[in-house]
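> no FASTA, just this:
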């Protein structure tokens, strides 16, 4: 029987580019400790190909990108070591796209209409957003940036990087690329809805409705 340890899922309305899973599959050959090519590489390649064909036929919208051997330090009794998948995958990165100067405000529309970015009518003060973003980096109590069951958990979280960048991207499905803002948040774990509240707070500051110092007051 296969054993699987999954990385935490994303919230509704959030699309994960990659989700990691650690699994023990019957019949899988062990990789050599010296890292040289062996039967594991051939087995992994054929398994990814077979899984890809099955997922495509099932019209699931999913794909298996690769299989890699678990580090030898985690192979034995990995199911008893807690969040093994997080140890292997490392920090998570969430990205939110914002389209300033849009004709509408899509805050209440979500992605139901094909939006790939939050459409904001105003021009945004990017410098103020970047100044505020620096306040998030480090270890803080993020209870001001969660809701519902998130309040019942320890609010202390550590963020390693929060950035606001200009990028080219599609604001909606099927629409030509244009200049967008990308809010990136990196850390090992997050509270419920924490990152979307971080993005919302930064946009409020970009709109001039709050000063950049507001973030420090909330943490």
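In hand now; what should we look at? What you are looking at is a predicted structure, and each value in this text was computed from that prediction instead of being measured.
> For the lengthiest strand in the chain, give the mean pLDDT please.
Longest strand of the chain, by residue count under DSSP state E: strand 156-169. Mean per-residue pLDDT for strand 156-169: 93.
> does residue 166 have beta-bridge partners, and which?
Residue 166 has these beta-bridge partners by DSSP bridges: residue 181.
> re the thing from before, in the longest strand of the chain, which residues are buried?
Using 16 or more other C-beta atoms under 10 Å as the test for burial, strand 156-169 gives 157, 159, 162, 164, 169. Every residue, glycine included, has its C-beta placed from N, CA and C.
> So the first one is in contact with residue 192, correct?
Going back to what we said before, that points to residue 157. No. Using C-beta atoms under 8 Å, residue 157 is not in contact with residue 192, being 11.5 Å away.
> which element is residue 95 on?
Assigned by DSSP states H and E, residue 95 belongs to strand 92-100.
> Summarise which helices and strands the helix or strand that comes right after that strand is packed against.
Next along the chain after strand 92-100, taking DSSP H and E as the criterion, comes strand 118-120. On a contact count with 3 or more C-beta pairs under 8 Å, 6 or more residues apart in numbering; DSSP states H and E, strand 118-120 meets strand 92-100, helix 194-206.
> Quick one: distance of strand 118-120 to the chain centre.
20 Å (C-alpha atoms, centre = their mean, to the nearest Å).
> And the following helix or strand past that strand, what's buried?
Counting by DSSP H and E, the next helix or strand C-terminal to strand 118-120 is helix 126-136. Buried residues in helix 126-136, defined by neighbour count with 16+ other C-beta under 10 Å: 128-133, 135-136.
> How about stretch 167-180?
169-172, 180.
> what comes into contact with that stretch?
97-99, 102, 113-117, 119, 166, 181-182 (C-beta atoms under 8 Å, 6 or more residues apart in numbering).
> pLDDT below threshold where in the chain?
For the chain, the stretches flagged by pLDDT under 70 are 1-18, 31-38, 71-90, 109-113, 150.
> who are the neighbours in contact with the residue positioned nearest the centre of it?
Central residue of the chain (C-alpha atoms, centre = their mean): residue 94, 3.5 Å from the mean position. Contact analysis of residue 94 by C-beta under 8 Å, 6+ apart lists 14, 184-186, 190, 195.
> separation between it and residue 61?
With distances taken as C-beta to C-beta, to the nearest Å, residue 94 is found 20 Å from residue 61.
> How about residue 127?
From residue 127 to residue 61 the distance is 39 Å (C-beta to C-beta).
> Touching the helix ranked longest in the chain from outside, list them.
Assignment by DSSP state H gives helix 39-57 as the longest helix of the chain. Contact with helix 39-57 is made by 25, 28-32, 62-69, as judged by C-beta under 8 Å, 6+ apart.
> Lovely, talk soon.
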